[in-house]
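**Student:** Got a sequence here, can you model it:
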Amino acid sequence: VQLVESGGGLVQPGGSLRLSCAASGFTFSDYYMTWYRQAPGKERELVAVITSSGGSTNYLNSVKGRFTISRDNAKNTVYLRMNSLKPEDTGVYYCGARRWSETKYWGQGTQVTVSS
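**Tutor:** Presented below is the predicted three-dimensional model:
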């Protein structure tokens, strides 16, 4: 089983990034997919979740209207489009595969730094 994130980097406030998470080794379309983030000295927090079909999504309040989670089950990939980035969005972003309310698999994380 692998979850491999990509797309992180350094961006100025107000900028955009698109994170990708490529999955392999399990039946991707059976799992809800999540994006979490962890800032230095803080606990990991759930940023966004998408159902197995992609028909429903939910977001952390502070990112609503700025971030969009999506998935392509044919490509076994989940995405996080992040617009209007703020310094407080800085952190390591992790994708997770969830089933039966439990995160079964985690990616290794990708760093997002929002700074001028």
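**Student:** Strand partners (parallel or antiparallel) of the lowest-mean-pLDDT helix or strand in the chain?
**Tutor:** Lowest on mean pLDDT, DSSP states H and E among the helices and strands of the chain sits strand 102-106, with a mean of 93. Strand pairing for strand 102-106, determined by DSSP bridges: strand 91-99 (antiparallel).
**Student:** Spatially central residue for the protein, please.
**Tutor:** Trp35 (2.8 Å; Cα atoms, centre = their mean).
**Student:** Bridged to it, which residues?
**Tutor:** Here Trp35, judged by DSSP bridges, has bridge partners Ala48, Cys95.
**Student:** so it makes contact with Ser20?
**Tutor:** No - with contacts counted by Cβ atoms under 8 Å, Trp35 stays clear of Ser20, the gap being 10.8 Å. In this view, the C-beta of every residue, glycine as well, is placed from N, C-alpha and C.
**Student:** Find residues that contact each of those two.
**Tutor:** Residues touching both Trp35 and Ser20 by Cβ atoms under 8 Å, 6 or more residues apart in numbering: Val78.
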